[in-house]
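Asks: Structure for the following, please:
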Amino acid sequence: MTRRDDARAIFEAGLKAADPGEAVRRSLADAAWAPAGRGRRVLIAVGKAARGMAEAALDVVGPVDAALVVTTVPNAVPLPGCEVLGSSHPVPDAAGERAARRVEELLAGLAPEDRVLALVSGGGSALLPAPVAGVTLEDKAEVNRLLLASGADITEMNLVRQQLSRLKGGGVLRAAAPAAVTALILSDVPGDDLAVIASGPTVAPIGTRAEAAAALRARGLWERLPGSVRAHLGAPDAGGPDLPRAENRLIGSNGISLAAMAQAAPGAPAEELTGDVAEAAARVLACGPGVHLFGGETTVQIRGDGKGGRNQELALRVACGAEAAGWGEDWVFLSGGTDGRDGPTDAAGGMVDAGTVARIRAAGLDPLALLDNNDSYRALEAAGDLLMTGPTGTNVADLQVLIRGA
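Replies: Numbers count the residues shown, from 1 in each chain. Down below sits the predicted model:
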């Protein structure tokens, strides 16, 4: 096997550990999920891994009174006994807004004896837009675009999103009340904060309108926001009854996948990799010989009009940095999104080595100029170094593997 084969095999071990179906089966096997008396059973699955989670849940619990999956269009494959809807990610669309209304319809009018099983995975925030009164879907999409371009991390983004949505920040609990809710959650965020995953549909919000407004001001985005958003976030927080309680169970995470990669590469150090992509690349480039494993989610500040994603940019930065540092010939670096899609592209990320930069130049391109234009996809495509997996049906953020010879 080559170094590239080794890196891909280690990455695949992390993907296998994130299998949403197995995680759901393990979680449901140890507890009966049943209504009290003659109550109804309703299943709602939202996120990039929603279909796989729903299929596994139905295998365990059997037919339910109503079942709905909301996931990305490539993952929206029909599932017997379940309504499956596809919507857009990372920018919300009208199909997602219709899906959100469908969720509210299924949860409306439930009784105390009814039970709701919520299956939550990363991507659910964009896939299920439910704008608050006075804010349009276009307004929310513009906020999302500004946040993505600013380099805001997932916690900042969800702080804002929760305040602009009917379903985020515990909204599913409010919609389902007084029925009891059990949520099985697949984490795609560092630290596994349940309030951040898919913007916390079954968890209390992480902040207030005022805190969301302050975060936007700190990013220099406040004056660029739609007027409706500024008006909503500038108003006092709405009062209301306490948020209904839910049983929230974390069933899979980036940390679990990172541990599986460590089992596939015994003795290799594993650490979280977050923050600005340039700083993350510097951390990778500081590693000595051996196998090094990373997991987490970086951020990219958009400066140009190129095409790419955070994993592709990280891989390209490492390739350029390794050449500048004189790493030699014996190394490979892989950075991939576990969902199989990095940014608005068909690639999961990139896998680069000592020949990457030379191959880009041989194609008549300047790798540093492409990097400055956030055009990592074009650069890695020219080198033959795009990491292609197709949709994986799961999402636990990003995984990286560095193998460096002596």
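
Asks: who touches the residue most central in space within the chain in this structure?
Replies: Residue closest to the mean C-alpha point of the chain, counted by CA atoms, centre = their mean, is Gly122 at 3.9 Å. Residues in contact with Gly122 (CB atoms under 8 Å, 6 or more residues apart in numbering) are 47-49, 186-189, 197-198, 339, 395-397. For glycine as for every other residue, the C-beta is placed from the backbone atoms N, C-alpha and C.

Asks: do the same with Glu105
Replies: If you count contacts by CB under 8 Å, 6+ apart, then Glu105 has nothing around it.

Asks: how close does Ala210 sit to Pro236?
Replies: Ala210 sits 8 Å away from Pro236, going by CB to CB, to the nearest Å.

Asks: which one of the two has more residues nearby?
Replies: Between Ala210 and Pro236, counted using other CB atoms under 10 Å, Ala210 has the larger neighbour count: 14 against 8.

Asks: residue contacts, Gly350?
Replies: Gly350 sits next to 311-312, 314-316, 334-336, 376, 380, 385-387 when contact means CB under 8 Å, 6+ apart.

Asks: Averaged pLDDT, stretch 331-338. What do you get?
Replies: Averaging pLDDT along stretch 331-338 yields 97.

Asks: chain center to stretch 383-390: distance?
Replies: Distance of stretch 383-390 from the chain centroid (CA atoms, centre = their mean, to the nearest Å) equals 20 Å.

Asks: Kindly report the same for stretch 149-160.
Replies: That offset, for stretch 149-160, works out to 12 Å (CA atoms, centre = their mean).

Asks: Grab the CA positions of stretch 348-364 and hand them over as PDB.
Replies: C-alpha atoms of stretch 348-364 as PDB (Å, rounded to 0.1, in the frame of the first residue of the first chain):
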ATOM      1  CA  ALA A 348     -15.200  15.800   0.300                       C
ATOM      2  CA  GLY A 349     -11.900  17.600   0.600                       C
ATOM      3  CA  GLY A 350      -8.400  17.000  -0.700                       C
ATOM      4  CA  MET A 351      -5.500  14.600  -0.400                       C
ATOM      5  CA  VAL A 352      -2.100  16.200  -1.200                       C
ATOM      6  CA  ASP A 353       1.500  15.000  -1.300                       C
ATOM      7  CA  ALA A 354       5.000  16.200  -2.300                       C
ATOM      8  CA  GLY A 355       4.000  16.400  -6.000                       C
ATOM      9  CA  THR A 356       0.800  18.400  -5.600                       C
ATOM     10  CA  VAL A 357       2.300  21.900  -6.100                       C
ATOM     11  CA  ALA A 358       4.400  20.700  -9.100                       C
ATOM     12  CA  ARG A 359       1.300  19.200 -10.700                       C
ATOM     13  CA  ILE A 360      -0.600  22.400 -10.300                       C
ATOM     14  CA  ARG A 361       2.200  24.400 -11.900                       C
ATOM     15  CA  ALA A 362       2.500  21.800 -14.700                       C
ATOM     16  CA  ALA A 363      -1.200  22.600 -15.500                       C
ATOM     17  CA  GLY A 364      -0.200  26.300 -16.000                       C
END
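
Asks: so what are the domain limits for this structure?
Replies: Annotated domains of the chain cover 19-252, 265-404 [automatic domain parsing].

Asks: looking at these, which is closest to Asp5?
Replies: In terms of CB to CB, the element of those nearest to Asp5 is domain 265-404, at 9.4 Å.

Asks: For the residue nearest to Gly275 when sequence neighbours are not counted, which residues are in contact?
Replies: If the residues on either side of it in the chain are set aside, Gly275 comes closest to Thr298, at 6.3 Å by CB to CB, 6 or more residues apart in numbering. Residues in contact with Thr298, defined by CB under 8 Å, 6+ apart, are Leu273, Thr274, Gly275, Asp276, Val277, Ala280, Arg310, Leu314, Asp398.

Asks: For the second one, give its distance to Arg26.
Replies: According to CB to CB, Thr274 and Arg26 sit 27 Å apart.

Asks: Please apply the same query to the third one.
Replies: When CB to CB is applied, the distance between Gly275 and Arg26 equals 32 Å.

Asks: As a check, name the ranges of all strands in the stretch 151-300 of the chain.
Replies: Residue ranges of the strands in the stretch 151-300 of the chain, as given by DSSP state E, counting those that start in this stretch, are 180-186, 246-252, 270-272, 275-276, 290-296, 298-299.

Asks: Of all those, which one is nearest Ile154?
Replies: Judging these by CB to CB, what sits closest to Ile154 is strand 298-299, at 8.5 Å.

Asks: State the mean pLDDT of stretch 365-385.
Replies: In this model, stretch 365-385 has an average pLDDT of 98.

Asks: That should have said stretch 166-176, apologies.
Replies: Stretch 166-176 comes out at a mean pLDDT of 95.

Asks: Give me the contact list for it.
Replies: Stretch 166-176 has contacts (CB under 8 Å, 6+ apart) with 42, 44, 100, 103-104, 107-108, 110, 116, 118, 125, 128, 130-132, 158, 161-163, 165, 181, 195, 198-206, 243-246.
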